[in-house]
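K.L.:
The sequence and its predicted three-dimensional model are supplied below.
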Amino acid sequence: MKETSVVMAGFGGQGVMSIGKILAKAAIHEGKEVTWLPSYGPEMRGGTANCTVVIADGPIGSPLVKFPDMAIVMNKQSIDKFEPELRPGGLIVVNASLIDRALARRDLVAVHVAANALAEEAGAPRSANIAILGAFMARAGDLVSIAAVEHALAETFAGKPPSLLEQNLAIFRAGLCAGAPA
C-alpha cells in the first residue's frame, strides 16, 4: 500500500488550511483514502498554522505524522520547524518570496518558488497559497492528478463569481510552470 504524508505550514491567514483541504478533496475525488489534520498556533490570523494531509491507497492507521514525506512551507518559521522533520529524499516546496535562506539539508528535493510574486503578478496577492500548490503539484509525482486538483478548486470556488475561479486556476497553472523541473 502506498501512503504519502504532506505538511503545509505558514502564518495564519496564508491559506495553508485551504490548500490542505483542496489537496484532500482532490484525493477523495480520485477514490483515495485521506486524512486532514489542522494545527493552529495560539493566535489565528498571523500566528503559525499547519495541516497534515495523508493520502493512501488503503486504510490510514493514524492522521498523526512525525516525519512527513513532503512539505510546503510559506514562511521562515515553517521551514525552520519542518525541514529537520522531513524524511530523507523528501520534497520541500519553499515560498521564496518570504524565505531567503537555502536549505540546511542536502538530502531533500527543494523547489523554491516566489509564490507571493506570482499571485501579485496575477492581480490576486492573497492567492500565494494557490501558486505554491501549483508548484508542489508540478513535483508531487502521482500523488493526485492535476485534473483532480483543478476539480477540487472548482468545488472550493463554487457559488463565487466565475472570474474568481478563473483567476485562481490561472495562478495554479502559473505555479505549475514555476515549479516544473528545468
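P.N.:
Ah, there it is. Numbering: from 1, shown residues only.
K.L.:
When you work out contacts or count neighbours from here on, use the C-alpha atoms and nothing else.
P.N.:
Fine.
K.L.:
Distance from stretch 142-151 to the middle of the chain?
P.N.:
Centroid separation for stretch 142-151 versus its chain: 13 Å, with CA atoms, centre = their mean, to the nearest Å.
K.L.:
I misspoke; the intended subject was stretch 33-40.
P.N.:
Distance of stretch 33-40 from the chain centroid (CA atoms, centre = their mean) equals 13 Å.
K.L.:
contacting residues around that stretch?
P.N.:
Residues outside stretch 33-40 that contact it (CA atoms under 8 Å, 6 or more residues apart in numbering) are 12, 17, 20-21, 24, 27-28, 47-60, 63-64.
K.L.:
In helices only, show me those.
P.N.:
M17, G20, K21, A24, A27, I28 (DSSP state H).
K.L.:
Buried subset of the contacts of stretch 33-40, written for ChimeraX?
P.N.:
One line in ChimeraX is enough to select the buried ones among the contacts of stretch 33-40; burial here means 16 or more other CA atoms under 10 Å:
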select :12,17,20,21,24,27,28,48,49,50,51,52,53,54,55,56
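K.L.:
Quickly note the distance from I22 to P88.
P.N.:
Distance of I22 to P88, computed by CA to CA, to the nearest Å: 26 Å.
K.L.:
The two - which one has more neighbours?
P.N.:
Counted by other CA atoms under 10 Å, I22 and P88 do not tie: I22 has more neighbours, with 23 against 16.
K.L.:
The ones in helices among the contacts of stretch 33-40: which two are farthest apart?
P.N.:
M17 and I28 (16.4 Å; CA to CA).
K.L.:
Just the residues contacting the biggest helix by length in the chain, thanks.
P.N.:
The longest helix of the chain (DSSP H) is helix 162-179. The contact list for helix 162-179, computed with CA under 8 Å, 6+ apart, reads 111-113, 115, 118-119, 122, 124, 127, 130-139, 150, 153-154, 157.
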